[in-house]
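pasting the sequence and the predicted model now:
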Amino acid sequence: MAVLVFLVALVLLVIALWDWNWFKGPVERAVQAKTGREFHINGNLDVDLGRVVTVRGDGLTFANAEWSKQPQMASADRAEIDVRFWPLLRGQVMIPEIRMTRPDLLLETAPRKDQPGNWDFLGPSDGKPPVLQRLLIDDGRLQFLDAAGKTDILVALNSGKPKNPDSAPPLLVKGKGRWQGNPFTLDGNTESPLELSNSDHPFRIHLDGRAGATHAIASGTLTNPFALRTFDLDFMLSGQDMEDLYPLIGLAIPSTPPYKLKGRLKRNNDVWRYENFTGTAGDSDLGGTAQIEVGRERPFLKAELFSKRLDFDDLAGFVGAPPKTGSGESANAEQKAEAAELKASARVLPDTPYNLTKLRAMDADVRWKAQRINAPSLPLDDMDAHLTLDAGLLQLQPLNFGVAGGDIRSNVRLDARKDTIDTRLQASIRKVQLGKLFPDAKLAEQASGGISGDIDLRGQGNSVAAMLGSSDGTVAVGMGRGHIGNLIMELAGLDVAESLKFLFTGDKQIPLRCAWGDFGVARGVMTSTALAFDTEDTLILGEGTVDLKQEQLDLLLRPRPKDISILALRSPLRIGGTFKVPSFRPDFKALGVRGAIALTLASITPPAALLATIETGPGKDSNCGGRYAK
């Protein structure tokens, strides 16, 4: 009995004198042995035993990686951790709740790419990962530093009120900083029961971020928020120009009008995927799926895009021009200023240089199809484009448009691997219907026939204007059998009496035998080698140049009437001026060449290269190019 009394007294004495601070040293050494970093409990250490063991520590500090200039990675005024006792005996760490007061966490990327970030200190796990169900934070702070990426984010963290007593409280997030050197703000929360490292109970978030005019809202789940390697989020993205995404995420997208997109953003390690997004860019609808693969020498973008209705001027950024800015058009302030400057300029061709750094910053494989194109001044029907970009070599194969019932099929190659871009354009024009080219319904009724041809140009320069202004190659367009309104022909031939008659009394149709234009291009100057337009009523022969560099026109059209008309001037027509302000005037000085023209009528023949493309129309051969006998 005396022994029993002694033992009870000894236990009571131990309980009375027991101090968990005796274990601070062993705990600190154990953490340092596991992580390789110093850990200190500068205040009290206390433990409450039971089915759920509560470990409480004050004044905690955890050292940073050796390469960091900041000595501490983490600190907290107090941390309380609840651990279930019985699962712990089976080697499973289950943490119902962690409560932290004034925690301060610094996440930092290493100065060398081959080094892990400062958060990678545990090494490979040899057991089941801890399961954390709830996290309570009072006045916390999280900072993320990436010096190489010019990124410094500071976020305030606090636990909010739970929706009900049984649910986990949300974690409120509010912060600001610089991402890729660009100022931004962040606001949001996490919600629902949390098991931060367990994929069966993913971590839900709702974040709202802004960087300048770019606005992103992400809502969904992170499988492991500490790794950020796998997630599935509803993601809305909007802004004034997709070009602004380049300094933020490294995507080199041409300038666009204001845009707004919504879809599912997923990440699987190095692959980011924006699935089934829909939205608008300017006055066009835009949808599809795009994915970016990082971890390569250059990011790789692969996308399948579609538009049910594409506003053609929304593509202007691809050639260095602003979209339209008139009533009902979408454009940002910078684009409106650029459009006003372009309107005041005497030039038409875009002269904004392409950014060589952007063209070399990423690789891409993008397919974009548009079912219908809105282009009031152009009779475009649809579009099919396939773009590839590899280390500065951009190719559009194909870039096809449906045009006026026919199509223009083209391949474009821009080699930006050198300081001056080398460009080649190859295009074929097939079965474009003449009548559909006229925006005026009256004139459209007066014309029919299929236009075909080929374009092959090479040029050097870092803008569209420079490329065309230095180009060499050929341009050939031809048209076979069809018809054209007499009014159009008489106006072209400046037959005053006939034109007035048809304007007031009606028009008749004139069968078109053929028409063609063949140009050689050298150093940006198109020089005609064959230019003719032949009907039963009028033959027009032409010659001259089109200067793509200076944007100047100098063409002479000589009409040869096949009828007799009182008051018919029938003088040659001089087309001059600039691309922006062309001029059309009779050239009375050229009247004396009629005899020379008559001598050439017996040998007018379309260029051989055009014969394969000219449609002869129904029935027999168009008989164009044979002896002129009328």
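Structure received. Residues are numbered from 1 along each chain as shown.

contacts, neighbours, all on C-alpha from now
OK.

gap between residue 180 and residue 245?
10 Å (CA to CA, to the nearest Å).

higher neighbour count, those two?
More crowded of residue 180 and residue 245, by other CA atoms under 10 Å: residue 180, with 19 against 16.

got a list of what residue 154 touches?
141, 142, 143, 144, 175, 176, 177 (CA atoms under 8 Å, 6 or more residues apart in numbering).

now swap in residue 241 and tell me
255, 256, 257, 258, 259, 332.

and if you look at residue 233?
So residue 233 contacts 218, 219, 220, 221, 264, 265, 266 (CA under 8 Å, 6+ apart).

go again with 10 Å.
Applying CA atoms under 10 Å, 6 or more residues apart in numbering to residue 233 gives the contacts 204-206, 217-222, 263-267, 274.

for it, which non-adjacent residue is closest in space?
residue 220 (4.1 Å; CA to CA, 6 or more residues apart in numbering).

in the sheet, who's paired with the one you found?
For residue 220, the beta-bridge partners are residue 205, residue 233 (DSSP bridges).

report the contact partners of it.
190-191, 202-207, 231-235, 264-266.

what is the neighbour count of residue 150?
When neighbours are counted by other CA under 10 Å, residue 150 registers 12.

that one touches residue 249, doesn't it?
No - taking contacts as CA atoms under 10 Å, residue 150 lies outside contact range of residue 249: 12.0 Å.

anything in contact with each of those two?
179, 180.

residue 336 contacts residue 240, correct?
No - using CA under 10 Å, residue 336 is not in contact with residue 240; the gap is 11.9 Å.

compare neighbour counts for those two and give me the winner.
In this view residue 336 and residue 240 are compared by other CA under 10 Å, and residue 240 has more residues nearby, 24 against 17.

what's near enough to touch the more buried one?
212-215, 255-260, 281-282, 330-335.

and those residues, which are buried?
Buried members of these, scored by 16 or more other CA atoms under 10 Å, are 214-215, 255-260, 281-282, 330-332, 335.

can I get those residues in JSON lines including pLDDT and distance to residue 295?
Below are the buried ones among the contacts of residue 240 laid out as JSON lines (pLDDT from 0 to 100; distance: CA to CA, whole Å):
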{"residue": "214", "pLDDT": "91", "distance to residue 295": "25"}
{"residue": "215", "pLDDT": "93", "distance to residue 295": "25"}
{"residue": "255", "pLDDT": "86", "distance to residue 295": "26"}
{"residue": "256", "pLDDT": "88", "distance to residue 295": "27"}
{"residue": "257", "pLDDT": "89", "distance to residue 295": "30"}
{"residue": "258", "pLDDT": "91", "distance to residue 295": "30"}
{"residue": "259", "pLDDT": "93", "distance to residue 295": "28"}
{"residue": "260", "pLDDT": "95", "distance to residue 295": "28"}
{"residue": "281", "pLDDT": "91", "distance to residue 295": "29"}
{"residue": "282", "pLDDT": "88", "distance to residue 295": "32"}
{"residue": "330", "pLDDT": "71", "distance to residue 295": "36"}
{"residue": "331", "pLDDT": "69", "distance to residue 295": "35"}
{"residue": "332", "pLDDT": "73", "distance to residue 295": "33"}
{"residue": "335", "pLDDT": "69", "distance to residue 295": "34"}
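
most widely separated two among those residues?
Using CA to CA, the two most remote members of these are 215 and 335, lying 19.0 Å apart.

now do the contacts for residue 546.
519, 521, 524-528, 552-555, 576, 578-579.

tell me the one among those residues nearest to residue 450.
residue 519 (19.6 Å).

tell me how many other residues surround that closest one.
22.

report all helices and strands that whichever strand or helix holds it contacts.
If you go by DSSP states H and E, residue 519 is part of strand 509-522. If you count contacts as 3 or more CA pairs under 10 Å, 6 or more residues apart in numbering; DSSP states H and E, strand 509-522 packs onto strand 447-448, strand 450-460, strand 472-479, strand 482-485, helix 486-492, strand 525-535, strand 538-547, helix 608-611.

which among those is found nearest to residue 33?
That would be strand 450-460 among the helices and strands packed on strand 509-522, by CA to CA, at 63.2 Å.

quick one: distance of the closest one to the chain centre.
Per CA atoms, centre = their mean, to the nearest Å, the displacement of strand 450-460 from the mean C-alpha position of its chain is 27 Å.

which residue in the contacts of residue 233 has the weakest pLDDT?
Looking at these by pLDDT, the weakest one is residue 222, with 69.

residue 184 is in contact with residue 174, isn't it?
No - between residue 184 and residue 174 there is no contact under CA under 10 Å: 11.4 Å.

biggest separation within the contacts of residue 154, which pair?
Using CA to CA, the contacts of residue 154 span at most 13.2 Å, a distance reached by 141 and 177.
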